[in-house]
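Student: just coords:
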């Protein structure tokens, strides 16, 4: 890659790429989007060419200043350090910890367990049927959202968004996970604080423009 | 909790708690350790008393200055902000991104998929037998370590540790995951850079003192 390339490897439905797109929009940045179709022809993420960019064969990857950065949360923390305005983390260490805790509750403990490659392993190797695969998916979302709801509802730190009245890294993780819940018809009525915050966030142009339904791919 | 309590909810074999213990040792901090036995009597992490501290019912949780912080990586970033020396992240944004990427390759894409609660779901709900459960465990470690090895071996940024010659957040994630691989007899010969770095890190007192075999519980 060249030092002047500024690009995001993305795929519309990928919720990890969705996070990176939201962060880029909040920062007012418009890298070139390079589509990596995760399903067609066995998945473009598995090609040798893409693994040169990201050895993990996952999206998103950001190219910036001659570097390739994988892992959506590493990308977002990087963007927040390189382009500080508007901040995606609060200024105080405890606030930052609370936001990161909420973000990781999605990014570590819901999303990777439900990710495409895990569901493929469940069905192809463990021979789970569709009902079992859907129950698996719903189980981890419901468990994770229940904990987030307990942490957020009634907490003094919660505002219009998960932490205060401006969107943070935590909301950037919540919104794509909520989209996944809707896509897989997982009920979310038991999580009214999360539903309210998700709606507030999706009303912002930076979130709306990043949504899967508004992508070319 | 009181504003003066400084405590870590931990359990010897938990690799997420292991990460937090390493970071505390590197910073020269010695909070009170409160043991949460994850298996005995159905698991102390599921009690109402513990869920008051951490609604997710996972360990570790750090109590500090009247706050309860869950998620090991949120704890470690918090410690690094509150107690900056020695730093657990490099000073430059790209270096920080590379370290976080490597950390998340373990903390998002290996460990949560193999975590106790997921293995319990596999066996109890999906009726996976022991061989299938062990194959699952080995699969995600092998896949994740192969990507890390490809990223690290031969890279200019790699030194005595995953990033340069001082331990970072990335090594703090690698070492407990390597311990899990050994515990479950997953071969790691194909990852010589990771094996070398794991050995370098475990030679440091901060890592050794945090190891499961050196815990009271």
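Tutor: Ah, there it is. All values reported here derive from a predicted model rather than from experimental measurement.

Student: make it CA atoms for all contacts and neighbour counts henceforth
Tutor: Will do.

Student: residue A:42 and residue A:35, how far apart?
Tutor: 15 Å (C-alpha to C-alpha, to the nearest Å).

Student: the residue in chain A that chain B sits nearest to: what's it in contact with?
Tutor: Per C-alpha to the nearest C-alpha, residue A:108 is where chain A lies closest to chain B, at 4.3 Å. Applying C-alpha atoms under 8 Å, 6 or more residues apart in numbering or on different chains to residue A:108 gives the contacts B:107-109, B:112.

Student: for residue A:113, what are its contacts?
Tutor: Here residue A:113 is in contact with A:140, B:112-113 (criterion: C-alpha under 8 Å, 6+ apart).

Student: confidence score at it?
Tutor: Note for residue A:113: predicted pLDDT of 97.

Student: and it, that one's in a helix?
Tutor: Yes - counting by DSSP: H, G, I helix; E, B strand; the rest coil, residue A:113 falls inside a helix.

Student: returning to that earlier point: out of the contacts of residue A:108, which comes closest to chain A?
Tutor: Using C-alpha to the nearest C-alpha, residue B:108 comes nearest to chain A of the contacts of residue A:108, at 4.3 Å.

Student: report whether the helix or strand hosting residue A:182 contacts chain B.
Tutor: Using DSSP states H and E, residue A:182 maps to helix A:169-183. No - interface with chain B: helix A:169-183 contributes nothing (C-alpha under 8 Å from any C-alpha of the partner chain), its closest point being 11.9 Å away.

Student: which other residues reach that helix?
Tutor: A:15-16, A:18-19, A:22-23, A:76, A:88-89, A:99-100, A:102-103, A:106-107, A:111, A:138, A:141, A:161-163, A:187-188, A:194, A:197-198, A:201-202, A:211.

Student: wait, doesn't residue A:151 sit right on residue B:55?
Tutor: Yes - contact criterion C-alpha atoms under 8 Å: residue A:151 and residue B:55 qualify, at 6.2 Å.

Student: I'd like the contacts of residue A:113 laid out as TSV, including distance to residue B:5.
Tutor: Shown next, in TSV, are the contacts of residue A:113 (distance: C-alpha to C-alpha, whole Å):
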residue	distance to residue B:5
A:140	32
B:112	29
B:113	32
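
Student: for residue A:42 and residue A:35, indicate the residue with more neighbours.
Tutor: Between residue A:42 and residue A:35, counting by other C-alpha atoms under 10 Å in any protein chain shown, residue A:35 is the more crowded of the two (18 against 10).

Student: continuing past the helix or strand bottoming out on mean pLDDT in chain A, what's the next helix or strand?
Tutor: Ranked by mean pLDDT, DSSP states H and E, the weakest helix or strand in chain A is helix A:48-53, scoring a mean of 92. Later in the chain than helix A:48-53, the nearest helix or strand by DSSP H and E is strand A:61-64.

Student: please see if that following strand touches chain B.
Tutor: No - Strand A:61-64 stays clear of chain B (C-alpha under 8 Å from any C-alpha), getting no nearer than 9.3 Å.

Student: strand partners of that strand, parallel vs antiparallel please.
Tutor: strand A:7-10 (antiparallel), strand A:67-70 (antiparallel) (DSSP bridges).

Student: residues from chain A in reach of chain B?
Tutor: So chain A meets chain B at A:55-56, A:67, A:69-71, A:73-75, A:77-78, A:81-82, A:93-94, A:96-98, A:100-101, A:104-105, A:107-109, A:112-113, A:126, A:128, A:132, A:144, A:147-148, A:150-151 (C-alpha under 8 Å from any C-alpha).

Student: so which of the residues you listed belong to strands?
Tutor: Of these, the ones assigned to strands by DSSP state E are A:67, A:69-70.

Student: any idea how far the nearest residue to residue A:82 once chain neighbours are set aside is from residue A:93?
Tutor: Computed as C-alpha to C-alpha, 6 or more residues apart in numbering or on different chains, the closest residue to residue A:82 that is not its neighbour in sequence is residue B:93, at 6.9 Å. As defined by C-alpha to C-alpha, residue B:93 lies at a distance of 18 Å from residue A:93.

Student: so how far is the longest helix seen in chain A off the chain centroid?
Tutor: In terms of residue count, the longest helix belonging to chain A (DSSP state H) is helix A:130-152. Computed by C-alpha atoms, centre = their mean, to the nearest Å, the separation of helix A:130-152 from the middle of its chain amounts to 16 Å.
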